[in-house]
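Undergrad: Build me a model from this:
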Amino acid sequence: MNFIKRDLERRKYQLSIVDSAKDKNSLIVIPTGLGKTMISIMLIDYRLSEYPDSKALFVAPTKPLINQHFRTFDEFVSLPLGIVSGSVSKEKRKKVYDESRVVFATPQTIENDLKNEVLNLEDFSILIVDEAHHAIGNYSYVRIADSFLHTSKHPNIIALTASPASDHDKIITICRNLNISNVEIRGEDDPDVKPYIKAKLVEELRVDLQPELRALTESAKKVLDSYISSLKQSGFFKDTLNSRINRMSVLLLQKKLQGQMIRGGRSFYTIRGIIATAKILKIYHAINLISTQSLRAFEAFLEKIIKQGKSKTDKEIGKDPEIIQLYEKSKSLLSDGIEHPKLSLLKNILESQLKGSERAIVFTQYRDTADVIEKMLGSCPNVHAVKFIGQGKKGLTQKEQIATVRDFEAGVYNALISTSVSEEGISIKGVDLAVFYETIPSGIRSIQRRGRVGRFNVGRVYVLITNDTNDEGYYWISKRKEKRMKNIVQKIKENPSLIKNDGTLKPFT
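TA: Model (predicted):
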């Protein structure tokens, strides 16, 4: 180990994975919290020792994740390290590429610099692809891997993930796109892994909507039904019952119509179809807010449309008397003190569970809900909460995100209210409790959420479910996807010969 400057715990399963992957393009699948970054440190140390004039490239989907990996490497490795970002000049990025032995970056920055010939991967001997389940479709990982394989003198790709995919085709695609010839898999039940797995106590907590919110939801569904009927009158879904039309079918129709627009088909029929589908999707979102999120978020969403909406879609919705009536009713219910029952349940959980130095993450899908939760928790004397959201419009900057995580880990806050930005990869130390404010129809994201808690101690996870809503359906969808993912991974693990040298999976082709 030429470049590791301090003692690094070398677990048996990590050493075995390193030995297998050091000279093969490898997909490494291990549970969250078992040291994927440490494995990458050992592999980079090996490759740069074998090829002394070479460099390493480490790509990950988000800037906070890249910064976290950089800090970990800086702690353990005596090599010139550099971070590149699209926010700094081309000249400064080129200097980092020239002077660093290990470069950390988001894939979009690398793809752009390859395209603009700011970066050449000829002298890079290892590419680490973190959260490798993104290596599908049009994602930058695919083009970076292709460039690396065709340019590098000594290419080795290491793909890391805790949750590859929940269907055969996606795993095939990941393997092909990254030219994988070797798969290393460890599960929580493997004898060499089991001692390092911390228990997670998962509990489902169910609530019923109050009669007032159920009535408001039903009123919103009637509006949705009338919008779907209008869409059918325009010539779409003519022979389909309203009850058989769902959000996904409307979304697929919208994408089809948008494709026609891009290809020059700007007919009145197409434009009206796009506006009609956009209206329906907004009402689906409004129904989801009232039924699974919060009345305040529902009211804020409608207010934004009615009072600030500038698009053709928003103007049509905002003038609809039934929408205005829903908005006024939501304001009236809020003034009467009525809110979604999840909020009071969440408050009770945190007030009763957060004692001493314990800390919690609350996961929620939407920023509006995060705002509502943060305001609600402001009245709890023993809960000190802060939002952790993505960059985007009115989001946190990269520096603010890093500072928020550091303050949380230091105990300035004991509750982190997070959107999806913290689900993926980020290691947040000392989290004892996680609350899923809603369920999500994704096996990967469910695994990632659970992976944020109990990394160093026994963790507790609460999943909040509103009965007779999308929460229930999404919960079982994610369960099925997780089970399917584990079955696929287990098949590969039990039959290593299923992986061909050309990076495909025999039984699924």
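Undergrad: wait, what's in contact with the spatially closest residue to D113 that is not a sequence neighbour?
TA: The shortest distance from D113 to any residue other than its chain neighbours is 4.1 Å, reached at L119 (C-beta to C-beta, 6 or more residues apart in numbering). (Glycine included, C-beta is placed from N, CA and C.) L119 sits next to 93-94, 97, 110, 113 when contact means C-beta atoms under 8 Å, 6 or more residues apart in numbering.
Undergrad: and which of those is nearest D371?
TA: Proximity of the contacts of L119 to D371 (C-beta to C-beta) peaks at I110, which lies at 34.1 Å.
Undergrad: Give the burial count for that closest one, as a bare number.
TA: 27 (other C-beta atoms under 10 Å).
Undergrad: which element follows the helix or strand harbouring it toward the C-terminus?
TA: Using DSSP states H and E, I110 maps to helix 107-115. Later in the chain than helix 107-115, the nearest helix or strand by DSSP H and E is strand 124-129.
Undergrad: and that following strand, which residues are buried?
TA: For strand 124-129, a neighbour-count test (16 or more other C-beta atoms under 10 Å) marks 124-129 as buried.
Undergrad: Grab the two from these that are most spread out in space.
TA: S125 and V129 (14.6 Å).
Undergrad: Against D167, how distant is the spatially closest residue to K486 that is not a sequence neighbour?
TA: Nearest non-adjacent residue to K486, counting by C-beta to C-beta, 6+ apart: G187, 7.6 Å away. Distance of G187 to D167, computed by C-beta to C-beta, to the nearest Å: 19 Å.
Undergrad: Might you report the residue contacts of F124?
TA: 54-57, 148, 152, 155.
Undergrad: element containing the nearest residue to Q254 once chain neighbours are set aside?
TA: Counting by C-beta to C-beta, 6+ apart, Q254 lies nearest to T277, which is 3.9 Å off, once chain neighbours are set aside. Element membership of T277, judged by DSSP H and E, is helix 268-288.
Undergrad: Pull the following helix or strand past that helix out as PDB, backbone CA atoms only.
TA: Downstream of helix 268-288, the first helix or strand assigned by DSSP H and E is helix 295-303. The C-alpha trace of helix 295-303 is given here as PDB (Å, rounded to 0.1, in the frame of the first residue of the first chain):
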ATOM      1  CA  LEU A 295     -53.100  20.400   3.800                       C
ATOM      2  CA  ARG A 296     -50.800  23.400   4.000                       C
ATOM      3  CA  ALA A 297     -48.700  22.100   1.100                       C
ATOM      4  CA  PHE A 298     -51.900  21.500  -0.900                       C
ATOM      5  CA  GLU A 299     -53.100  25.000  -0.200                       C
ATOM      6  CA  ALA A 300     -49.700  26.500  -1.100                       C
ATOM      7  CA  PHE A 301     -49.700  24.600  -4.400                       C
ATOM      8  CA  LEU A 302     -53.100  25.800  -5.400                       C
ATOM      9  CA  GLU A 303     -52.300  29.400  -4.300                       C
END
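Undergrad: so S442 makes contact with Y475?
TA: No: the criterion here is C-beta atoms under 8 Å, and S442 misses it with Y475 at 11.3 Å.
Undergrad: Now for the two: what residues contact both?
TA: Counting by C-beta under 8 Å, 6+ apart, nothing touches both S442 and Y475.
Undergrad: Can I take it that L350 is in a helix?
TA: Yes: under DSSP: H, G, I helix; E, B strand; the rest coil, L350 falls within a helix.
Undergrad: need the contact list for it.
TA: For L350, the contact set (C-beta under 8 Å, 6+ apart) comprises 360, 362, 377, 380, 383, 415, 433, 435.
Undergrad: now with 10 Å?
TA: Residues near L350 by C-beta atoms under 10 Å, 6 or more residues apart in numbering: 358, 360, 362, 373, 377, 380, 382-383, 385, 414-415, 433, 435, 462.
Undergrad: Work out for me the element E184 sits within.
TA: When elements are assigned from DSSP H and E, E184 belongs to strand 182-185.
Undergrad: ok, back up a step: now for the contacts of L119: which two are most distant?
TA: K94 and I110 (12.8 Å).
Undergrad: which neighbours do these two share?
TA: With C-beta under 10 Å, 6+ apart as the test, K94 and I110 both reach 84, 118-119.
Undergrad: Which single one of these is nearest to A105?
TA: For these, the closest approach to A105 (C-beta to C-beta) belongs to V84, at 4.6 Å.
Undergrad: and the gap between the closest one and V461?
TA: V84 sits 36 Å away from V461, going by C-beta to C-beta.
Undergrad: more crowded one of these two?
TA: Between V84 and V461, V84 has the larger neighbour count (other C-beta under 10 Å), namely 24 against 20.
Undergrad: can I assume the more buried one is in contact with E111?
TA: No: the criterion here is C-beta atoms under 10 Å, and V84 misses it with E111 at 11.9 Å.
Undergrad: all strands for the protein, in order.
TA: For the chain, applying DSSP state E gives strands covering 26-29, 55-59, 81-83, 102-105, 124-129, 157-161, 182-185, 200-207, 360-363, 385-388, 415-418, 433-436, 459-466.
Undergrad: what's in contact with the third one?
TA: So the one you mean is strand 81-83. With C-beta under 10 Å, 6+ apart, strand 81-83 has contacts from 55-56, 58, 63, 66-67, 69-71, 73-74, 92-93, 95-106, 109.
Undergrad: from the contacts of L119, which single one is nearest G235?
TA: Nearest to G235 out of those is I110 (C-beta to C-beta; 45.4 Å).
Undergrad: I figured the closest one hits V59, correct?
TA: Yes: counting by C-beta under 10 Å, I110 does reach V59; the two are 6.0 Å apart.
Undergrad: Between the two, which contacts overlap?
TA: In terms of C-beta under 10 Å, 6+ apart, I110 and V59 are both contacted by the residues 103, 127, 140-141, 144, 148.
Undergrad: Compile the residues you listed into TSV and extend it with columns for pLDDT and distance to N2.
TA: Formatted as TSV, these follow (pLDDT from 0 to 100; distance: C-beta to C-beta, whole Å):
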residue	pLDDT	distance to N2
V103	97	19
L127	98	20
S140	94	31
Y141	94	28
I144	96	26
F148	97	23
